[in-house]
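In: Structure for this input, please:
(3 chains)
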Amino acid sequence: MTTLGQLILSGIFIGGIYALMSIGLTLIFGVLRIVNFAHGEFLMLGMYGAWAMTRGLGLDPYVAIIAVVPAMFLFGGLVYRLIVSPALDKPHLVVVFATMGLSILMQNIALMLMSADLFDIPPVFGHAVTVGPFYFKAELVLGFVITAVCTLVLQWALKSTYLGKAIRATVQDREAAMLMGIPVPRIFLITFAGGSALVGLAACVMMPLFSVFPTVGLNFVLIAFVIVVLGGMGSIEGALIGGICVGVVQSLSSYYVAPAFGQMFFFILFLLVMIFRPNGLLGQKGAADIGIID
Amino acid sequence: MTALVQVENLGRAFDALWAVDNVSFSVERGELLGLIGPNGAGKSTLYNLLAGALTPTRGEIVFDGRRVTGWKSYQMARVGMARTFQIPKPYRRLSVVENVMLTAFQRHKSVRSARTFAEHILADVGLSDHATAPVTTLTVGLLKRLEVARALALEPKLVLFDEIMAGLTPTEVAAMTSFVSELPARGITVIWVEHVLHAIMRTATRVMVLSRGQLIANAAPKVVARDPAVIKAYFGEEMSLA
Amino acid sequence: MTRNPGFISLMPARGTLSVFEIALLVLCVVLVVAPIPQNLQDIIVLTFLWAGLATAWNIAGGYTGLISFGHAAFFGIGAYASTILLVRIGVTPWIGIWCGGLLAALFGAVLALICARLRGPFFILSTLAAAEVIRIAALNWPSLTGGPEGLAISPSADSTNMVFASKQAYLVLMLGYLVLSYGVTKLIDGSRFSYFLFATRDDEDAASAAGLNPLAIRTVALMLSAALSGIGGSLFAQYFLYLDPTSVISPEVSFQFALLPAVGGLGTAIGPVLGSFLITPMSELLRSYLGSKVAGLHLAIYSALLIVVVLYFPSGIAGALSRLSRRREGKP
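Out: Numbering: from 1, shown residues only, chains lettered A, B, ... in the order given. Below you'll find the model as predicted:
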């Protein structure tokens, strides 16, 4: 019973962190109505950045956030200007191929510069956090806390600030937003760059828990997509709920199901979600715009 | 002879809202039936139910003696029910004539015969000059004509028109109205959803009025125009008393 | 339609062969019979093979709009099917390749049904996931597939087992495959089926209103694409004589399937062939000069190329050539 509780709770924590990684993706979906196939590679980039700050400068990965997040914001803005923006007024498959190409480009540049070896950082906290009969890595709990705080701040910002409202307006009806004087192209840029910054934050939080290598993005991008679909496009609460579901399922299945099939199990889960719940657990309608027929 | 279309107690709900609520009517061959009503009355929903784009929550549709309730749009097309799209949906990477050929393929199996027939239809609607042009070069008015052409290329028994007048200039409206009014004489029954009332009122043999999902009138245009319930639905209580 | 008989027509050419296509075929035959050094022959074998594979992908991707980044699954199923039949049961590959194609087609049908309601990015993601499922299955089923150690085909030359001593025989084999794949595409081009595919790609609702069943069309397109890819996979196994899941069912292979048609011109018959003729030799040469020294450089170059092509030359090489020929003839 304690094992079950342990698994579920750690699943919730890691799920929260997965959600953090996915919020950027769901916002980009909701606002720009595109999929960034290089999302996993953005995470990889952030993780290498966190690793470099930690190993190179002796910083704490949580401190590295100060450098990595703005850097990822700038990187996202650059990618938007150079690759995404020119693709937006063209047929949809242009942005698909362009971001796919970017994904492979980033993977291979990482391979050339960093080699295929796994890199990781030493544990930040030497001990675990104990709550009753359960114990968790301190980095895991801290990561979850950061996620929770970040989600709350984002929710507040989306509801109360002008920028937040402009973003929500663009999600609901792009043309109406334009007619209202909202600078939609700038909203696109800010959302894309902001989403990338959030991925950078997730990368710093995940570095103490995972190793980084050039193709690490592939592992996580599918998780991110499942979370976004489960939670509904453009929904931050949805991403959190979706993340927790995924985290718990993964935690339980990696214990009860053979590890070799763990990965495959996850892909099958993805296909099942696509077949049976493409509109998300909460039944969000946004999916139909992007590519799911009811 | 049985009616071409028989609709019984048709209903479609979206969560708790009945967009179409217990609608029953029939359409005889050779009729030109107008379907009007204020915004939000459920015209589009009824239209899509007939076209097979939506499945009914309740009720039956019988077309040409067949129970077609719940049939998908391609099945409806194959038994002779054609439809247009309110916002034209052409195949963007094909030319104008090729757009029409697609529908023509249902009755004309070879590429050559489909093309010949498509060219014939284009001449019919006055799009011959644009036959080999890419669809992306057409204006709204011409795109609407293309929608009509595509529907007619099915050689349908029944054609459903969805607000084909929207966005047309007065000249275009007049041309389209006279074109549509001649269809029944060619053996094509028409159900026409439209907002441009004068076009319908002048050409329809019968008009149905929807309001809040329900059928509130189903009679000749002159009768419907004076029906207090219809006036109330469009203009509110006060106007109907005047 | 007698437009542009000399160059490439972007629109379906109704089963006619253009002079350009015939010239290309003649060039291929010349490459087969000419006395070319062996290492270059290797490159030509792969170029022909990839031209056929890219053409197969294009039937689903370019013509029907089913962009797949998981075609390595079909490739792998074909390769493993014929190899397992040969190595474990002794069935000749001359039969085995067709079994491979059939099995791949079945998987294509399953995938089409699973993804019936998915469009755009969700379809693409599902193809990625499906390919990974196949790869992991192959990796973890040693009794069937040999697991991570893979399967090897005996290299002793035996034409009944489709193993040849001369590279030239392989050149003929692969050219035959290219002609098969291309021929199927041209047959589609000449028939109303091509219109059905284009309509389903361009506007599914309108296609449905025109009497087409989108699910049936997507399924047939994917099955055809899968079958041809599977046959290509089997032929690859016979050439390379060794299979393992990580190299055969990899995302890199899947990427190549999509890259070649994108560069060459989606939705045209000749595009994928041009894409392969450009990229495959470059790829092999880069690999042999840089290869182990700077792992990942050639893929980095291709992906950068893909980004540039897709943003600035969306109709690929075929589109560019077509525009050139139209300008030559004084058309807009």
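In: by contact count, what packs against the helix ranked longest in chain C?
Out: Secondary structure of chain C per DSSP state H: the longest helix is helix C:214-240. Contacts defined by 3 or more C-beta pairs under 8 Å, 6 or more residues apart in numbering or on different chains; DSSP states H and E place helix C:214-240 against helix C:38-58, helix C:72-84, helix C:93-114, helix C:167-189, helix C:192-202, helix C:204-209. The way it works is simple: take the backbone N, C-alpha and C, and place the C-beta from them, glycine included.
In: now the strands: where do they sit in chain B?
Out: Using DSSP state E, the strands found in chain B span residues B:5-14, B:17-27, B:32-36, B:58-63, B:66-67, B:81-83, B:158-162, B:189-193, B:206-211, B:214-219.
In: how about those strands, which one is nearest residue C:189?
Out: Minimum separation from residue C:189 across the strands of chain B (C-beta to C-beta) falls at strand B:81-83, 27.6 Å.
In: what's the span of stretch B:178-193 from first residue to last?
Out: For stretch B:178-193, the first and last residues are 16 Å from each other (C-alpha to C-alpha, to the nearest Å).
In: hmm, back to that, just so I know, which of the strands of chain B lies nearest chain C?
Out: strand B:81-83 (5.3 Å; C-beta to the nearest C-beta).
In: buried ones in the closest one?
Out: Neighbour counts over strand B:81-83 (16 or more other C-beta atoms under 10 Å in any protein chain shown) mark B:81, B:82, B:83 as buried.
In: Contacts for it next, please.
Out: In this structure, residues lying in contact with strand B:81-83 by C-beta atoms under 8 Å, 6 or more residues apart in numbering or on different chains are B:47, B:50-52, B:63, B:73, B:76-77, B:103, B:150-152, B:154, B:156-160, B:162, C:209.
In: can you list the residues of chain B near chain C?
Out: B:51, B:53, B:72-74, B:77-78, B:82-83, B:85, B:89-95, B:98, B:101-103, B:105-106, B:109-111, B:114, B:150, B:154 (C-beta under 8 Å from any C-beta of the partner chain).
In: Residue ranges in the stretch 151-294 of chain A under the pLDDT threshold?
Out: A:258-263, A:278-294 (pLDDT under 70).
In: Could you list the residues in contact with the biggest helix by length in chain B?
Out: Longest helix in chain B by number of residues (criterion: DSSP H): helix B:111-125. Residues outside helix B:111-125 that contact it (C-beta under 8 Å, 6+ apart): B:96-98, B:100-101, B:104-105, B:107-108, B:128, B:130-131, B:145-146, B:148-149, B:152-153, B:179, C:14, C:190-192, C:195.
In: Can you show me the CA trace of that helix as PDB?
Out: These are the backbone C-alpha positions of helix B:111-125, laid out as PDB (Å, rounded to 0.1, in the frame of the first residue of the first chain):
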ATOM      1  CA  VAL B 111     -11.400  11.400 -67.000                       C
ATOM      2  CA  ARG B 112     -12.200  12.500 -70.500                       C
ATOM      3  CA  SER B 113     -16.000  12.300 -70.200                       C
ATOM      4  CA  ALA B 114     -15.900  13.900 -66.700                       C
ATOM      5  CA  ARG B 115     -13.900  16.800 -68.200                       C
ATOM      6  CA  THR B 116     -16.300  17.300 -71.100                       C
ATOM      7  CA  PHE B 117     -19.300  17.200 -68.700                       C
ATOM      8  CA  ALA B 118     -17.600  19.600 -66.300                       C
ATOM      9  CA  GLU B 119     -16.900  22.000 -69.200                       C
ATOM     10  CA  HIS B 120     -20.600  21.800 -70.100                       C
ATOM     11  CA  ILE B 121     -21.600  22.600 -66.500                       C
ATOM     12  CA  LEU B 122     -19.200  25.500 -66.400                       C
ATOM     13  CA  ALA B 123     -20.800  26.900 -69.600                       C
ATOM     14  CA  ASP B 124     -24.100  26.500 -67.800                       C
ATOM     15  CA  VAL B 125     -23.200  28.700 -64.900                       C
END
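In: any idea of the angle it forms with helix C:192-202?
Out: Inter-element angle recorded for helix B:111-125 and helix C:192-202: 50 degrees (by axes from the mean of the first three to the mean of the last three C-alpha atoms, to 10 degrees).
In: Next, the buried residues of helix B:111-125.
Out: B:111, B:114, B:115, B:117, B:118, B:119, B:121, B:122, B:124, B:125.
In: Ok, stretch C:176-185 next?
Out: For stretch C:176-185, by 16+ other C-beta under 10 Å, it's C:177, C:178, C:180, C:181, C:182, C:184, C:185.
In: and if you look at stretch A:257-276?
Out: A:263, A:264, A:265, A:266, A:267, A:268, A:269, A:270, A:271, A:273, A:274.
In: residues touching the fifth one, list them.
Out: Taking C-beta under 8 Å, 6+ apart as the contact definition, residue A:267 lies against A:222, C:129, C:130, C:132, C:133, C:136.
In: need the next SSE after the helix or strand hosting the third one, C-terminal direction.
Out: Assigned by DSSP states H and E, residue C:130 belongs to helix C:120-139. For helix C:120-139, the succeeding helix or strand toward the C-terminus, using DSSP H and E, is helix C:142-145.
In: Quick one: mean pLDDT over stretch A:58-77.
Out: Mean pLDDT, stretch A:58-77: 91.
In: Does at least one residue of it sit close to chain C?
Out: No: residues of stretch A:58-77 are not located near chain C by C-beta under 8 Å from any C-beta, the shortest gap being 15.6 Å.
In: What subset of the residues of chain B next to chain C is buried?
Out: Among the residues of chain B next to chain C, those classed as buried by 16+ other C-beta under 10 Å are B:51, B:53, B:72-74, B:77-78, B:82-83, B:85, B:89-91, B:93-95, B:98, B:101-103, B:105-106, B:111, B:114, B:150, B:154.
In: now, which of those lie within helices?
Out: Those of these lying in helices (DSSP H): B:51, B:73, B:74, B:77, B:78, B:98, B:101, B:102, B:103, B:111, B:114, B:150.
In: ok, so of those residues, who is nearest chain A?
Out: Looking across these and measuring by C-beta to the nearest C-beta, the closest to chain A is residue B:73, at 12.6 Å.
In: Test my guess that that closest one contacts residue B:53.
Out: Yes: assessed by C-beta atoms under 8 Å, residue B:73 is found in contact with residue B:53 at 5.3 Å.
In: So for these two, which residues contact both of them?
Out: Common neighbours of residue B:73 and residue B:53 (C-beta under 8 Å, 6+ apart) are residue C:205.
In: can you pull out the strands in the stretch 201-332 of chain C?
Out: According to DSSP state E, counting those that start in this stretch, the stretch 201-332 of chain C carries its strands in the segments C:242-243.
In: ditto for the stretch 101-250 of chain A
Out: A:128-131, A:134-137.
In: Point out the most buried one among those strands.
Out: With neighbours taken as mean count of other C-beta atoms under 10 Å in any protein chain shown, these reach their highest mean count in strand A:134-137, at a mean of 17.
In: Now for residue B:152, how many residues are close by?
Out: 24 (other C-beta atoms under 10 Å in any protein chain shown).
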